[in-house]
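**Q** Could you work out the structure for the sequence below:
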Amino acid sequence: MTQLRMENDARLLARLNKGEQAAFNEIYEQYWEQLYRKAYQRLQEESSAKDVVQNVFVSLWQRRKEVAIDNLRSYLYGAVRFQVYNQINLSNKHSHFFDPFEAMMVSPIQTDQELIRDDLAKLLLAWIDTLPRKRRQIFVLHYKQQLSVVEIANELGVTRKTVYNQLNNCVKELQWKLAKYYTLLLLIHFAFIN
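**A** Numbering: from 1, shown residues only. Below you'll find the predicted structure:
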């Protein structure tokens, strides 16, 4: 089923790249509701969630010839996540919806943010590689492919509780690792300014 969906998405993307409005309409029909639910889950506000999804589809159409998309579903979910963050940054009233993992990706040190972000990305990839196979699979499915706990449980043939527990363990471990990294960065930072 997943392979079939990916093949269909690849065909739609090829047609979209050629500027076919019908392909865009099919993508819109296929993904609008899922993307809206994901945006609403984060924002808890109907009009903001609709704005997010609208922005994603407008961008998809405008950038159809510029962007190389390997996985349409992951691309759209990532675009929704980006738009949600924009909405949160604009309103600041929804800051409690940041996941602990995602909140820690924002550096407390204002200088060299891009360098720190790159280091964090490398650290995250190295950390993911050290996870046990099943936990790594669950983490990647949830944070990279944006699958829900129910979808992951169904795909892997495990219980929801197992998925929750594995994700909870991941987040706690990652918070601990990043906290140690930030402490080291702060020590280095203060050593150079004193």
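**Q** Quick check: residue 174 touching residue 126?
**A** No - if you go by C-beta atoms under 8 Å, residue 174 and residue 126 don't touch, sitting 11.7 Å apart. Every C-beta, even on glycine, is put in place using the N, C-alpha and C of the backbone.
**Q** quick one, which of these two is more surrounded?
**A** It is residue 174, of residue 174 and residue 126, that has more neighbours when counted by other C-beta atoms under 10 Å, with 21 against 10.
**Q** Please give the element, helix or strand, for the more buried one.
**A** For residue 174, the host element (DSSP states H and E) is helix 160-193.
**Q** Let's test this: mean pLDDT of that helix, rounded?
**A** Averaging pLDDT along helix 160-193 yields 71.
**Q** Over to residue 70: give its phi and psi.
**A** The phi and psi values for residue 70, taken as degrees, to the nearest 10, are phi -90, psi -40.
**Q** can you pull the contacts of it?
**A** Going by C-beta atoms under 8 Å, 6 or more residues apart in numbering, residue 70 touches no other residue.
**Q** gap between it and residue 168?
**A** Distance of residue 70 to residue 168, given as C-beta to C-beta, to the nearest Å: 30 Å.
**Q** could you point out where the protein is predicted with low confidence?
**A** Applying pLDDT under 70 to the chain flags residues 1, 88-120, 178-194.
**Q** domain ranges for it?
**A** According to automatic domain parsing, the chain comprises the domains 2-94, 100-193.
**Q** residue boundaries of the helices in the protein?
**A** Counting by DSSP state H, the chain has helices at residues 2-17, 21-43, 46-62, 72-91, 100-104, 113-130, 133-143, 149-156, 160-193.
**Q** Run a quick neighbour tally on residue 25.
**A** Residues within reach of residue 25, counting by other C-beta under 10 Å, total 12.
**Q** How about residue 39?
**A** 27.
**Q** Begin at 32 from now on, thanks
**A** I'll keep to 32 as the first residue from here, and by that count the last item is residue 70.
**Q** surely it meets residue 83?
**A** Yes - using C-beta under 8 Å, residue 70 is in contact with residue 83, at 4.2 Å.
**Q** Overlap in contacts, the two.
**A** Joint contacts of residue 70 and residue 83 (C-beta under 8 Å, 6+ apart) are 111, 114, 115.
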